Every structure is written in C-alpha cells, then in structure tokens.
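Asks: sequence unknown, structure follows:
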Ligand SMILES: O=C[C@H](O)COP(=O)(O)O
C-alpha cells in the first residue's frame, strides 16, 4: 500500500499535467454547492475567529500577509518603504516578516535594487499577465510575466480571463494559465480567479480546477480591483477544490484570499476556514497568504 499510493498520485498527476481534456474536466467539476451548508460553515468560522484572537495568532497573520501596494502613483521610495515594512513589520521583533511585498511590474526593480544594496531578503510578488482586467493579448501577458521575473520577482500573481470563463471556455482559461506558468520559470505562480466577476460558485470551482490543472502554485480570490473581492463563500469553494486536488494528486496548492481584508477578525475567519477544510498543514506562508494593503495596520493595533 505504501508504494501504491505515491505511484497512483504520480499517475494521476502526470495524466493531468499540462493537458486539458474537456470531458474529464466537465466530469470532475460537475458538482453543486449547498448554500445553506456554506452559510452555516461561515458563521462557524466567524465565531472561531473570535476564539483565535490572541497575540500569537495575530503574529502568524502578519506572516501570511503579502504586503501590497497597487496604485498608479506608486514610486520607488514608496515601494522601498513598503519592503522595509514587510521585512520588519513589528519594530520590536525582527524575527517576524510578512509573506512578501507585492507591487506592479514597473516597481519590481526598485524593490530588488533595495534588497541587493542592503543585503536583505524578502519574497517579491509582481502582479502580471494583464492584471487586473485580463483583457490583453496572451502574447503580452506572457511577455509581462517574463519581464517581471527578469526584474527580480520571485512570485507572480496573474489573473484569469473572465471573458473566457463566462463563455464557459475553460480550455482557454487553462491554456493561458499554462502559458504564463511556463513564462514564470522557477518563480511561483499565483492565479487570481477574480471571483467577484464569475457570477456562480460553480464557475469559481471550475476556474479553480482549470488553474490547478495548468500548474498554479496558488489560487487567489481577487485582484482587489473588482467591486466584490474576497469572501468566505468563495474561499469555501476554492479550498474545497484545493482539497479535492490534493486527494487526487498529492499536490498541495496554496490559497490566497485578497482584496478588502482589512481587520484581524476578517483575517482570522479565513484562518479558521483553511484550518477546517485543509488542515493545520496549510497554515504557513508556503501554502497560505493574505493579499492586503491595510490589514497590517489593524494587526499592529491589536498587538
Ligand atoms: O492582492 C492584493 C489586493 O490588491 C489588496 O487589496 P486591498 O487593497 O483591498 O487590501
């Protein structure tokens, strides 16, 4: 049994890798979600968040944060200040670091230069691949990923084509993510589903599946630029997909809720959800991040 299980995992993984078969996809994603069951689970997570609220958990939340600025007026000095904050978010405790610093492609080189000159390390996330609308030629999405990695990004957050998703063209969604994954080389790929624009939970599940099939290292809820960003409801569906993927392939895909998460209580509800659906093993920055521009302020106020 001990040898059969890894063999089965690698067989399933190799069957899926880089391939998209419409029939197999449709069969795997043909599932409904019970809204009442999700609502009950969410109120449980919100309750548990209150129990989790203590200094140790808040310190952990800080380490999950991809500390983000994604504004048109971002400058070198602004992103360097953000990187300093991500490296040492709690001035009295140099052992704590944020998950990464997350900026637009044109600002990656500024962060990289600062880290090189000061001999410091920090993961650098670049949003790329037509962020945030996804309404660009694939060639330009791929080039943007390549350039962003060349400038020093260690992680790339791309966004799926909502047009293809809403037209139920899941093969195109998959193929675009796959092309970006190849363009990222060894940089980690986080794929944003922009769930607020996907209309149904079934679409959220399908988008999760297409993204994981294409090799995403993480799936992420939102860009922060949609009118509806991260919710516990879509987190429930995405983590259910991550769990199913793990059961089938043995591969752990990370989860990143992002957009509109501003308070410790909100963040801890996501922690409770991940713990319940995926287990403690997902609760570390390798597999769980929170994309946020202002959550760190509330964490520091609560310490
Ligand atoms: O990926 C991260 C999000 O863009 C941050 O969104 P936020 O500014 O609402 O925290």
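Replies: That came through fine. Since this is a predicted model, take the numbers as computed values, not measurements.

Asks: residue boundaries of the strands in the chain?
Replies: Applying DSSP state E to the chain gives strands spanning 65-68, 100-103, 124-127, 155-159, 188-192, 218-220, 254-256, 290-292.

Asks: Between those strands, which one is closest to residue 180.
Replies: Nearest to residue 180 among the strands of the chain is strand 155-159; the distance by CB to CB comes to 4.9 Å. C-beta coordinates here come from the backbone N, C-alpha and C atoms, glycine included.

Asks: partner strands of the closest one, parallel or antiparallel?
Replies: Counting by DSSP bridges, the strands paired with strand 155-159 are strand 124-127 (parallel), strand 188-192 (parallel).

Asks: most tightly surrounded among those?
Replies: Among those, the stretch with the highest mean neighbour count (mean count of other CB atoms under 10 Å) is strand 124-127, at a mean of 28.

Asks: how close does whatever residue of the chain ends up closest to the ligand get to residue 275?
Replies: The minimum distance from the chain to the ligand, using CB to the nearest ligand atom, falls at residue 224 (2.3 Å). Look at residue 224 and residue 275: by CB to CB, to the nearest Å, they are 24 Å apart.

Asks: ok, these two, which is more surrounded?
Replies: Neighbour tally, residue 224 and residue 275, criterion other CB atoms under 10 Å: the higher count belongs to residue 224, 21 against 17.

Asks: hang on, the more buried one packs against residue 261?
Replies: No. Here residue 224 lies out of contact with residue 261, judged by CB atoms under 8 Å, at a distance of 9.3 Å.

Asks: Could you tell me which residues touch both of those two?
Replies: With contacts taken as CB atoms under 8 Å, 6 or more residues apart in numbering, residue 224 and residue 261 have residue 291 as neighbours in common.

Asks: and the stretch 201-303 of the chain, which of its residues are near the ligand?
Replies: Along the stretch 201-303 of the chain, the residues adjacent to the ligand under the rule CB under 6 Å from any ligand atom are 223, 224, 258, 259, 260, 291, 292, 293, 294.

Asks: would a markdown table of those with pLDDT be doable?
Replies: Below are those laid out as a markdown table (pLDDT from 0 to 100):
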| residue | pLDDT |
| --- | --- |
| 223 | 98 |
| 224 | 96 |
| 258 | 98 |
| 259 | 97 |
| 260 | 97 |
| 291 | 98 |
| 292 | 98 |
| 293 | 98 |
| 294 | 97 |
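
Asks: would you turn those residues into TSV with distance to residue 119?
Replies: Converted to TSV, these look like this (distance: CB to CB, whole Å):
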residue	distance to residue 119
223	33
224	31
258	30
259	33
260	36
291	27
292	27
293	27
294	29
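
Asks: Please tell me which one of the residues you listed counts the most neighbours.
Replies: In terms of neighbours by other CB under 10 Å, these top out with residue 291 at 32 neighbours.

Asks: No more questions from me, cheers.
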